[in-house]
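Q: here are the coordinates; sequence isn't available:
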């Protein structure tokens, strides 16, 4: 059995490999996060962490639960498809705590121009004006109700409901 | 442990069943959300875009995107009548504060193209990530695990659409999450919520009642860089051939 005796150093070498592999397995169980590989080659818990980030835009459905009268005016006007927070900004904080967080009313002279300033790059059927030429700096809400902007259309839309009529006037203040 | 062939034959189907349950799992704070029931994408309707920049501002607010970086941005194309393949593209500050005036009588065609992560089904960015920090969630959204990202920026180079950046303070890759924290709660994305013309619409391709299916049937819809076979899920309606 002199052959076996000569191969002894190979066994010691193989033993080192086995030991290294065991150390690797032990280290791996501590280092790799528990949810790694839950859905694929990544940390599964990351999905839940990303999903639980806080929201800032409440969504128009939330707005409409309280401001139903304005939603009603809006659905009958040319801005029916414009969501509340497109103009009023992110207001999830206001929806969470309506008493302490009160939104600032946007300045229509600036806000309306963001969309309605004439440009050759805009779709031809989109209503566009040169703000200086159109109003000369007078706030848009002087003549237009932002929630139903076509002049004359809001009075018709709000005729049925008293609260909506109030809102329309409030908007034109 | 000794696993005979016989045991393996029993274990494999059991693992397959378990895997199905795993896929149907729910993200932490959205108990009614089933990842396996969704496959998210986005519809971008170019003829409706007015370049107001509302989406860019909304995205920055919703996701705390640092100044000078963008998860979504709006480009204005000027496609000259003489150089159809070489459009002039501008996007000052991502289109956040609007665009310079177009000179009266300028030849060619002007139009806006909103850009964002395409949430590719075969995304190049996830393929190159060496640590599994970016991945395609079971509902088709490409996400980044900020805890796991090394900030090596391979993915930033790999994205053919230029949608990724290294966050200046967190030093990890960052990009559009398709407002994952919103869509898992039944809300739409911040950009769709803020878009005044409906030029952007969140689409759930696994929902048979989603209007996207009818839209795709009746419109000529294109994705960006289809030759790269990324399986992009940002569908562009009315996209000019000059858009890259």
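A: Sure, I can see it. If you're wondering where the values come from, they're calculated on a predicted model, not measured in any experiment.
Q: Pull out the buried residues from stretch B:211-229.
A: By neighbour count on 16 or more other Cβ atoms under 10 Å in any protein chain shown, the buried set for stretch B:211-229 is B:212, B:215, B:216, B:221, B:222, B:223, B:224. All C-beta spots, glycine's among them, are computed from the backbone N, C-alpha and C.
Q: can I see the domain layout of chain A?
A: A:2-51, A:60-171 (automatic domain parsing).
Q: rank the ones you listed by mean pLDDT and give me the bottom one.
A: Ranked by mean pLDDT, those end with domain A:60-171 at the bottom, a mean of 83.
Q: Please identify the residues of chain A in proximity to chain B?
A: Within chain A, the positions adjacent to chain B are A:36, A:38-44, A:46-57, A:59-60, A:79, A:81-83, A:85-87, A:89-90, A:114-115, A:117, A:119-123, A:126 by Cβ under 8 Å from any Cβ of the partner chain.
Q: So which of the residues you listed are in helices?
A: Among the residues of chain A next to chain B, DSSP state H puts A:46, A:47, A:48, A:49, A:50, A:51, A:60, A:85, A:86, A:87, A:114, A:115 in helices.
Q: Using a markdown table, please lay out these together with neighbour count.
A: Output for these, formatted as a markdown table (neighbours: other Cβ atoms under 10 Å in any protein chain shown):
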| residue | neighbour count |
| --- | --- |
| A:46 | 27 |
| A:47 | 27 |
| A:48 | 16 |
| A:49 | 17 |
| A:50 | 20 |
| A:51 | 24 |
| A:60 | 18 |
| A:85 | 25 |
| A:86 | 22 |
| A:87 | 20 |
| A:114 | 18 |
| A:115 | 21 |
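Q: before we move on, back to that, deepest in the core, which of the domains of chain A is it.
A: domain A:60-171 (a mean of 16; mean count of other Cβ atoms under 10 Å in any protein chain shown).
Q: what does the longest helix seen in chain A contact?
A: The residue-count maximum for a helix in chain A (DSSP H) belongs to helix A:8-31. Applying Cβ atoms under 8 Å, 6 or more residues apart in numbering or on different chains, helix A:8-31 turns out to have no external contacts.
Q: Same question for stretch B:200-211.
A: Stretch B:200-211 is contacted by residues B:37-45, B:55, B:114, B:140, B:178, B:183, B:188-189, B:191-192, B:212-213, B:233, B:235 when judged by Cβ under 8 Å, 6+ apart.
Q: what's the straight distance from one end of that stretch to the other?
A: Stretch B:200-211 stretches 13 Å from its first residue to its last (Cα to Cα, to the nearest Å).
Q: So what's the gap between that stretch and the chain middle?
A: 14 Å (Cα atoms, centre = their mean, to the nearest Å).
Q: Phi and psi next, for the residue nearest to residue B:197 when sequence neighbours are not counted.
A: Spatial nearest neighbour of residue B:197, excluding adjacent residues (Cβ to Cβ, 6 or more residues apart in numbering or on different chains): residue B:48 at 4.5 Å. Residue B:48 adopts backbone torsions of phi -100, psi -10, taken as degrees, to the nearest 10.
Q: cool, the one 5 residues further on as well?
A: According to degrees, to the nearest 10, the main-chain angles of residue B:53 amount to phi 80, psi 10.
Q: Check the one 3 residues further on too.
A: According to degrees, to the nearest 10, the main-chain angles of residue B:56 amount to phi -70, psi -50.
Q: so how far is chain A from it?
A: Distance of residue B:56 to chain A, given as Cβ to the nearest Cβ, to the nearest Å: 12 Å.
Q: Tell me who's in contact with residue B:74.
A: Listed by Cβ under 8 Å, 6+ apart, the contact set of residue B:74 reads B:49, B:51, B:53, B:55, B:56, B:91, B:94, B:95, B:112, B:113, B:114, B:115.
Q: Most neighbours out of these, which is it?
A: Within the contacts of residue B:74, most neighbours by other Cβ atoms under 10 Å in any protein chain shown means residue B:55, with 30 neighbours.
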